[in-house]
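# Give the three-dimensional model of this entry:
(2 chains)
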Amino acid sequence: MSREKLLEVKNLKQYFKSGRKSVVKAVDGLNFDIYKGETFGLVGESGCGKSTTGRTIIRLYDATDGEVLFKGENVHAKKSRGELKKFNRKMQMIFQDPYASLNPRMTVKDIIAEGMDIHGLVKNEKERTEKVHELLRTVGLNKEHANRYPHEFSGGQRQRIGIARALAVEPEFIIADEPISALDVSIQAQVVNLMKKLQKERGLTYLFIAHDLSMVKYISDRIGVMYFGKMVELAESDELYKNPIHPYTKSLLSAIPLPDPDYERNRKRVPYDPSIHDTSEEPEFREVRPGHWVLCTTKEFEQYKAELENK
Amino acid sequence: MEKVLEVKDLTVSFDTYGGKVQAVRGVSFDLYKGETLAIVGESGSGKSVTTKSLMGLIPSPPGRIEKGEINFEGKNLAKLSDSEMTKIRGKDISMIFQDPMTSLNPTMKIGNQIMEGLIKHQKMNRADAKKRAIELLELVGIPKASERINQYPHQFSGGMRQRVVIAISLACNPKILIADEPTTALDVTIQAQILDLMKDLQQKTEASIIFITHDLGVVANVADRVAVMYAGKIVEIGTVDDVFYNPKHPYTWGLLGSMPTLDSTEEELVAIPGSPPDLINPPKGDAFAPRNPYALKIDLEQEPPMFKVSDTHYAATWLLHENAPKVEPPESVKRRMKGFAKTGAAPAAGDKKGDES
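Residues are numbered from 1 along each chain as shown, chains lettered A, B, ... in the order given. Just a heads-up that it's a prediction; the model follows:
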């Protein structure tokens, strides 16, 4: 099965200076690929670097080191405005907070059409209006909404506007940074269903960043688990949930509360103790099973493989 | 079981420029000694306003308790003056807020913040209060408590801060503890620790807890009973098993259906269409009817009363009327009702080598 790689992240590092001397290694040597048409979920606790990863990929930050290849081209090597513009069209972002990510002084129509204006995708005002109306319909709003301002909408509706804005320039790849965390449960399901529908219709590829593991499991084909700037485990969603190998992944999975009282009464939480790791050598990202990667040392690698076989 | 609190027909409204918002529209429930009652609902459903009324924290104006009773130890809290309420608040009824980053005073050492209540309510002297503060910090699992009391909130992590907030709320041995989304701002692993801590402390102190949340997973974890709120009303109330394994209200079905399960393979989540109603002009009849695929004609005309399902279980939907057509909950909800973790997809229990002793 050879799938087309849409995005390749190679040894990506993003350090921030904090004070005069100390450096925060928000992202520290990430390696992963995202295939065309799939949803790649990125999970981890706050501060683990998952949002920084998304923001560095789309070049909101300049990477400290490493490469991001989009369709084989290095995103961070591009310098000229023209090249960047071309790239920006193909990659779009949906943000977490629908209250902060829409300009309150712009009408919904201008918000959605801004990208099309910049990229010269529409020839005249009539076409522009038609495009906006079509996009509003696509995300489940209607054309009467076009002349209103963001404050007139609920959180779920605003997130739909954010999605319409991202879709306006016909991207291939969308980075969704906690797109549903700020929404109510019933509205979350609406937005997730919409994202799935759009993916099917338009062949979109998603990088879905979130901390709600059950929703990530539901929407993602493959999932990467991050801990302190490093990816500790990567596998297909089912495999990750059925056969977690890294102790941190196990701990994270055991902490998800499920809406099932019987299960909750018998649940045992597995705490994560980083000191159990073998420190004889630098851990590396190794494949324990086809498509199932885990950060480990050679010794741990053997131990994990044995554990998987004995299952 | 001993009743500690009785809320009867509580109605709270707020005056706004747009008109009168009827945030809570006739809520009644009892709270028993030592139990945890979870109140679930979406933002704007009135769950926070309900509990703020119990604490006498409704800002007035613009808010006011229009009618209803909150009976606690022979007093109607809805009618108490501010100064009388001050004697109860923080002593008999205390509260844990959502955001540990903003509910602590950043300019005060945390020891002093815990001692404040002890000195005011329990008339302790400073030395005794300090001793008790250290005990409390140890109780909520903060190591090196005697050193930590001299530190400021910014020197604590989010989870540790929430532990401090819990220590403050427990300082005067409250009979009722109101926790308003106490774990929403925390990561899942920290959330699990805080929930375990709260359950543990409840066993030791026998306090009754009202737990507000919108996370049904958390509800299943902590609650003995659950009240589901929608548009300012309780639409279903029962034991945690009643509500999760035998839900009767279509809104509860919608809430359960919109959460993905860990072993789900279904193509689409059962989303509740539309959004919650405007409480300035609440719709006639059942407020949920416009979003309810199972709505009957009468739902648009008349509000459903609370129907009794069992001694512990009540739901406000016309579907429970004897003349109503028989309606089955959607497939995916039925699967959840059977208990979806039993399929064995969820890891957690079992396969860990070094089980914690």
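# Tell me where the chain has strands.
Just so you know, I chose chain A. All strands of chain A, identified by DSSP state E, fall at A:5-18, A:22-35, A:39-43, A:65-70, A:73-74, A:91-94, A:173-177, A:205-210, A:222-227, A:230-236, A:284-289, A:292-296.
# not what I meant, chain B
If you assign secondary structure with DSSP E, the strands in chain B sit at B:3-16, B:19-32, B:36-40, B:63-72, B:75-76, B:93-96, B:176-180, B:208-213, B:225-230, B:233-239, B:307-308, B:314-315.
# what pLDDT, on average, does the last one get?
Pointing back at strand B:314-315 there. Taken as a whole, strand B:314-315 has a mean pLDDT of 94.
# What pairs with it, parallel or antiparallel?
strand B:233-239 (antiparallel), strand B:307-308 (antiparallel) (DSSP bridges).
# So for the last one, mean pLDDT?
Right, the one you point to is strand B:307-308. Regarding strand B:307-308, the rounded mean pLDDT is 92.
# which outside residues touch that strand?
Contacts to strand B:307-308, defined as Cβ atoms under 8 Å, 6 or more residues apart in numbering or on different chains, come from residues B:248, B:314-317, B:320-321. Glycine gets a C-beta too; all of them are placed from N, C-alpha and C.
# One more pass at 7 Å, please.
If you take Cβ atoms under 7 Å, 6 or more residues apart in numbering or on different chains as the criterion, strand B:307-308 is touched by B:314-315, B:320-321.
# Kindly report the residues of the stretch 101-250 of chain A close to chain B.
A:154, A:156, A:184-190, A:192-193, A:211, A:214-215, A:217-218, A:241-242, A:244, A:250 (Cβ under 7 Å from any Cβ of the partner chain).
# how about the nearest residue to B:Ser258, chain neighbours excluded?
A:Ala189 (3.5 Å; Cβ to Cβ, 6 or more residues apart in numbering or on different chains).
# re the thing from before, between the strands of chain A, which one is nearest to B:Leu80?
The stretch from the strands of chain A with the least distance to B:Leu80 (Cβ to Cβ) is strand A:205-210; that distance is 44.2 Å.
# Would you give the sheet partners of that closest one, along with the direction of each?
Applying DSSP bridges, you get strand A:39-43 (parallel), strand A:173-177 (parallel) as the partners of strand A:205-210.
# possible to save these as JSON lines with mean neighbour count and mean pLDDT?
Output for the strands paired with strand A:205-210, formatted as JSON lines (neighbours: other Cβ atoms under 10 Å in any protein chain shown; pLDDT from 0 to 100):
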{"stretch": "strand A:39-43", "mean neighbour count": "26", "mean pLDDT": "94"}
{"stretch": "strand A:173-177", "mean neighbour count": "24", "mean pLDDT": "94"}
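# Figure out which of those is closest to A:Leu6.
Taking Cβ to Cβ as the criterion, A:Leu6 comes closest to strand A:173-177 out of these, the separation being 6.0 Å.
# Please list all residues in contact with A:Val294.
Applying Cβ under 7 Å, 6+ apart to A:Val294 gives the contacts A:232-233, A:245-246, A:286, A:288, A:304.
# The closest residue to B:Leu137 other than its chain neighbours: neighbouring residues, count only.
Computed as Cβ to Cβ, 6+ apart, the closest residue to B:Leu137 that is not its neighbour in sequence is B:Ala145, at 3.7 Å. The burial count assigned to B:Ala145 is 18, neighbours taken as other Cβ atoms under 10 Å in any protein chain shown.
# just the one 5 residues further on next, same as before
B:Asn150: 11 surrounding residues under other Cβ under 10 Å.
# quick one on the thing from earlier: looking at the strands paired with strand B:314-315, which one is packed in the most?
Each of the strands paired with strand B:314-315 was assessed for mean neighbour count using mean count of other Cβ atoms under 10 Å in any protein chain shown. The highest is strand B:233-239, with a mean of 25.
# Pick out the residue in the stretch 101-250 of chain B sitting closest to chain A.
When scored by Cβ to the nearest Cβ, the stretch 101-250 of chain B has B:Gly217 as its residue closest to chain A, at 3.1 Å.
# Which residues are in contact with that residue?
Contacts here follow Cβ under 7 Å, 6+ apart; on that basis B:Gly217 touches A:256-259.
# now the residue nearest the centre of chain B: how far from B:Tyr251?
Of all residues in chain B, the one closest to the mean position by Cα atoms, centre = their mean is B:Ile212, 1.7 Å from it. Between B:Ile212 and B:Tyr251 the distance is 17 Å, computed by Cβ to Cβ, to the nearest Å.
# same deal with A:Ile187?
In this structure, A:Ile187 and B:Tyr251 are separated by 14 Å, where distance is defined by Cβ to Cβ.
# B:Trp318 now?
For B:Trp318, the distance to B:Tyr251 under the criterion Cβ to Cβ works out to 13 Å.
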